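In: Next one to model:
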Amino acid sequence: MSIFPDALPESRVPDSRDAPVLNWGIAGPGWIAERFIESVRAHTHQNLAAVGSRSAARAADFSAKHSVPASHGSYKELAQDPNVDIVYVATPHPHHFDVAMTAIESGKHVLIEKPMGITATEVAAIIKAADAHQVFAAEAMWTFFLPKFDVITQLLEAGALGELVTVAAEYGEYFEPDHRIFDQDLAGGPLLDLGTYPLAFVSRVMGAPDTVAAIGTQHPTGVNGQLSALLRFAGGGHGTVNTHLHNFTPTTALITGTEATLHIDGPFNMPGGFTLRHHDGRELRYDQAAGAHLEGLHFEAAAVARCIAQGLTQAPQRPLADTLMTLELADEIRRQIGVTLPETTTRK
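Out: Numbers count the residues shown, from 1 in each chain. Presented below is the predicted three-dimensional model:
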């Protein structure tokens, strides 16, 4: 039986400026690192202490452009910088594992861009290493750190939708032909880039599926161009996921229960609103200005700083078990549609 509320709960996410300050090292001076710096500087008091790259010149250029005090020509040097508390791993996907392990083995906390690794095997190894070195580790799945997702979590925990029967999410986007997403050597295709969002969302709400049925279509460049998956969960619930590289979609998400439906405005993975609608017509609206990385990435940085100050080694907003579950699901989808990944490390 649902407990449909008279009003939506308030978000429990504190002001990002109130978080304890960490000294951050940026591994990988690329597009997402720039967005992270912009958001953190606009909304927090976190300190950006250093940047590292495989290219000393690229690190130096990024350091000068973004006024980051120190630059390093290797990820090992960045990890060994005594002025760095935590490394934000923002390299291309196939390099997440080695860069994260280098930081962990140097005793640094890590926030690793999604996906944490390109396979569940990599994620499990990162989790094991972080535990052995007693450092914090989390996947930078920034969606789950947003205030709206705290409100959604409270609604789900309160049973406001009744028994959950269907969860659906999709994410399609257009990319220019020279984008890295078409590069097989960089684990191209939508699954590990766009697809992690709907996969993480559906599994966050429903748990691990007991049945997965996936189909895929190749892109002319050779990478997977589109995939869809139908998931079945214990108790009979269903999940549907679609992601592709062909064009922009609304990128919405839907949670349907026996009593109420929750529809998240697109793009569902970014700041914005949602509507909770009971089957009798009652409706509650969560309104938040639509935004993107500038308005949203700071929440994960602030949450990580609070976790570390409290002595936690993972983030409750994105538990490591959830990250591993998402990559296990991605592995099964890859297996079914015949997608292979590049060799990424000599550590295995």
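In: The stretch 51-200 of the chain: helices as residue ranges?
Out: Listed in chain order, the helices found in the stretch 51-200 of the chain under DSSP state H, counting those that start in this stretch are 56-65, 75-79, 96-105, 120-133, 147-157, 196-206.
In: Which other helices and strands does the fourth one contact?
Out: This means helix 120-133. Other elements packing on helix 120-133 under the criterion 3 or more Cβ pairs under 8 Å, 6 or more residues apart in numbering; DSSP states H and E are helix 96-105, strand 109-113, strand 137-140, helix 320-337. For every residue, glycine as well, the C-beta is placed using N, CA and C.
In: With mean neighbour count and distance to E10 added, can I get the helices of the stretch 51-200 of the chain in a markdown table?
Out: Compiled in a markdown table, the helices of the stretch 51-200 of the chain are given as follows (neighbours: other Cβ atoms under 10 Å; distance: least, Cβ to Cβ, whole Å):
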| stretch | mean neighbour count | distance to E10 |
| --- | --- | --- |
| helix 56-65 | 17 | 39 |
| helix 75-79 | 22 | 39 |
| helix 96-105 | 24 | 35 |
| helix 120-133 | 18 | 33 |
| helix 147-157 | 19 | 8 |
| helix 196-206 | 24 | 21 |
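In: ok, now which ones touch the closest residue to L327 other than its chain neighbours?
Out: In space, not counting the residues next to it along the chain, L327 is nearest to A120; the distance is 4.1 Å by Cβ to Cβ, 6 or more residues apart in numbering. Contacts for A120 (Cβ atoms under 8 Å, 6 or more residues apart in numbering) come out as L324, L327, E328, A330, D331.
In: ok, the fourth one to H93 distance?
Out: When you say that, I think you mean A330. 11 Å (Cβ to Cβ, to the nearest Å).
In: what is in contact with these two at once?
Out: P115, L192.
In: which residue is nearest the centroid of the protein?
Out: M141 (1.8 Å; Cα atoms, centre = their mean).
In: was I right about that residue contacting K114?
Out: Yes. Judged on Cβ atoms under 8 Å, M141 makes contact with K114 at a distance of 4.9 Å.
In: Next, show the common contact partners of the two.
Out: Taking Cβ under 8 Å, 6+ apart as the contact criterion, the common neighbours of M141 and K114 are T196, A200.
In: Report the spatially nearest residue to A169, omitting neighbours in sequence.
Out: Nearest one to A169, counting by Cβ to Cβ, 6+ apart, is P198 at 3.4 Å.
In: whoops, P316 was the one
Out: Closest residue in space to P316, ignoring its immediate chain neighbours: C307 at 7.9 Å, by Cβ to Cβ, 6+ apart.
In: Can you name the residues that contact H93?
Out: Residues counted as contacts of H93 (Cβ under 8 Å, 6+ apart) are P115, I118, L186, A187, L192, D193.
In: and it, how far is that from G195?
Out: As for H93, its distance to G195 is 12 Å (criterion: Cβ to Cβ).
In: Minimum distance to P267: which of the helices and strands packed on helix 120-133 has it?
Out: Go through the helices and strands packed on helix 120-133 one by one with Cβ to Cβ and the one that ends up closest to P267 is strand 137-140, at 16.8 Å.
In: what about that closest one, average pLDDT?
Out: For strand 137-140, the per-residue pLDDT values average out at 98.
In: Sheet partners, orientation included, of it?
Out: For strand 137-140, the paired strands and their directions (DSSP bridges) read strand 109-113 (parallel).
In: just for the stretch 1-150 of the chain, where's the confidence low?
Out: Scanning the stretch 1-150 of the chain for pLDDT under 70 picks out the ranges 1-2.
In: quick one, which of the helices and strands packed on helix 120-133 is nearest to H263?
Out: Using Cβ to Cβ, these put helix 320-337 closest to H263, at 22.3 Å.
In: can you list contacts of the closest one?
Out: Taking Cβ under 8 Å, 6+ apart as the criterion, the residues outside helix 320-337 that touch it are 115-117, 119-120, 122-124, 127, 130, 137-139, 141, 191-192, 195-196, 199-200, 203-204, 207-209, 212-216, 224, 227, 229, 231, 314, 340-341.
In: What is the burial count for T221?
Out: The local packing count at T221 equals 16, with neighbours defined by other Cβ atoms under 10 Å.
In: Spatially nearest residue to N47 (excluding sequence neighbours)?
Out: N23 (5.0 Å).
In: That neighbour contacts N83, doesn't it?
Out: Yes. The pair N23 and N83 qualifies as a contact (Cβ under 8 Å) at a distance of 5.6 Å.
In: Check the gap between the residue nearest to A138 when sequence neighbours are not counted and L111 for me.
Out: The shortest distance from A138 to any residue that is not its chain neighbour, by Cβ to Cβ, 6+ apart, is 4.4 Å, and that residue is A315. As defined by Cβ to Cβ, A315 lies at a distance of 9 Å from L111.
In: swap in Q226?
Out: Distance check for Q226 against L111: by Cβ to Cβ, it reads 30 Å.
In: Those two: who's more crowded?
Out: Under the criterion of other Cβ under 10 Å, the comparison of Q226 against L111 puts L111 first, with 28 against 18.
In: wait, doesn't the more buried one sit right on A303?
Out: No. Taking contact to mean Cβ under 8 Å, the distance of 9.7 Å between L111 and A303 leaves them out of contact.
In: Burial check on the residue lying closest to S63 once chain neighbours are set aside, number of neighbours?
Out: Using Cβ to Cβ, 6+ apart and skipping the chain neighbours, the partner closest in space to S63 is S71 (3.8 Å). When neighbours are counted by other Cβ under 10 Å, S71 registers 22.
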